[in-house]
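no FASTA, just this:
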């Protein structure tokens with residue numbers, strides 16, 4: 001199994017359409033996993049991004065109509 005490519009915050013941001021600052025904010029919030037190479041160097045993987053994306057994706061459930069109005073045509 002080949003090791004996964006490590007990406008900088010800028011590289012990942014370029015791929016997914018975020019700024020490096022937005023990627024770093026997700027890392028600092030603990031929402032996006034990273035590999036700490038040294039105290040100042042943190043790298044990311046696409047599989048880590050995909051896990052974040054799955055956990056952050058929300059589906060809005062429609063609320064039931066509680067207006068009391070009858071539905072359908074008369």
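Now that the structure is in, tell me what you want to look at. Source: prediction; values computed, not measured.

what does stretch 17-32 rub up against?
Around stretch 17-32, the neighbours that count as contacts under Cβ atoms under 8 Å, 6 or more residues apart in numbering are 8-10, 12-13, 34, 42, 44, 48-49, 52, 55-56. Where C-beta positions appear, they are placed from N, C-alpha and C, glycine not excepted.

what two of the residues you listed have the greatest distance between them?
10 and 55 (23.0 Å; Cβ to Cβ).

who's more crowded, the two?
residue 10 (14 against 10; other Cβ atoms under 10 Å).

Tell me how many other residues crowd the closest residue to the more buried one other than its chain neighbours.
Closest residue to residue 10 apart from its sequence neighbours, by Cβ to Cβ, 6 or more residues apart in numbering: residue 20 at 4.5 Å. Residues near residue 20, counting by other Cβ under 10 Å, number 14.

Same question for residue 27.
Neighbourhood size, residue 27 [other Cβ under 10 Å]: 19.

so where does it fall, helix or strand?
helix 20-28 (DSSP states H and E).

Name the residues of that helix that are buried.
By neighbour count with 16 or more other Cβ atoms under 10 Å, helix 20-28 contains the buried residues 23-24, 26-27.

From the chain's centre, how far out is the top helix by length along the chain? Work that out for me.
Longest helix in the chain by number of residues (criterion: DSSP state H): helix 46-56. Relative to its chain's centre, helix 46-56 lies at 5 Å (Cα atoms, centre = their mean, to the nearest Å).

and it, what other elements does it pack with?
helix 9-16 (3 or more Cβ pairs under 8 Å, 6 or more residues apart in numbering; DSSP states H and E).

Kindly recompute the last result at 6 Å.
Packed against helix 46-56, as judged by 3 or more Cβ pairs under 6 Å, 6 or more residues apart in numbering; DSSP states H and E, are no other helices or strands.

Nearest the middle, which residue of the protein would you pick?
By Cα atoms, centre = their mean, the mean C-alpha position of the chain lies nearest to residue 53, the distance being 3.5 Å.

What score does it have for pLDDT?
For residue 53, the pLDDT comes out at 96.

cool, and residue 72?
58.
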